[in-house]
Each structure stands twice: as C-alpha cells, then as structure tokens.
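> make a model of this:
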Amino acid sequence: MIEQAGIRKLRRRRRYLKVLAPLEVSDGDRRIGIYPADRLHVRCLVDYAHPLVGRQQVELDVNRWFLYADARFRAHLLLLS
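Just a heads-up that it's a prediction; the model follows:
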C-alpha cells in the first residue's frame, strides 16, 4: 500500500535521535528502556492477566521490509511470535 502511494522527497532534512546512553523509566510494574545500538532492534514483552493475551514476547530487528509491510500482517506477526 505504501509503495503504491509512492515516495516523495521531503523539503527539510530529517532529524534523528542518537541514543548515547541507556535510559530506563519505570512506573510500578511497568517499564520501558532505550539503549545505544547500531541498528533498530525491538523487544516487547506484555504480561496480562487476561487468558486471551497472557504473557507474550517478540524480539526483532526492524528493517525496511518490516516498515513497509501491511499493518495487519505486522500485528499478526507480533501476536504469533
């Protein structure tokens, strides 16, 4: 779908965030962290008391293919991983 829409150059330069040091934030039993790396690597863990969700974990390297994959497919990939 994204490829059908095409690619257009932006007028402004893109701004990037470079992570130089680990950063972790927690609130009770919830936490999130971001760490320096040479690639975009995502690890997600959810642990819900609901029997349909329960504990699920996915770990992946995000690349160009993943960014352009259909959103419905990405959701199923994350749920089935």
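
> contacts, neighbours, all on C-alpha from now
Fine.

> what's the first-to-last distance across stretch 46-60?
Here the two ends of stretch 46-60 are set 15 Å apart, with distance taken as CA to CA, to the nearest Å.

> again, but for stretch 30-45
Taking CA to CA, stretch 30-45 runs 10 Å from one end to the other.

> can you list the residues that contact that stretch?
Counting contacts by CA atoms under 8 Å, 6 or more residues apart in numbering, the residues outside stretch 30-45 that touch it are 18-26, 55-63.

> beta partners for the most centrally placed residue in the chain?
In the chain, the C-alpha closest to the average C-alpha coordinate belongs to residue 42, at a distance of 5.3 Å (CA atoms, centre = their mean). The residues listed as beta-bridge partners of residue 42 by DSSP bridges are residue 60.

> any idea how far it is from residue 49?
Between residue 42 and residue 49 the computed distance is 23 Å (CA to CA).

> same check on residue 23?
According to CA to CA, residue 23 stands 28 Å off from residue 49.

> and residue 15, what pLDDT?
Predicted confidence (pLDDT) at residue 15: the value is 81.

> and it, how many neighbours does it have?
Each residue near residue 15 was counted by other CA atoms under 10 Å, and the total is 6.

> over to residue 36?
Per other CA under 10 Å, the neighbour tally for residue 36 reads 12.

> and it, how far from residue 8?
The spacing between residue 36 and residue 8, counted by CA to CA, is 30 Å.

> next one: residue 61
Taking CA to CA as the measure, residue 61 and residue 8 are separated by 25 Å.
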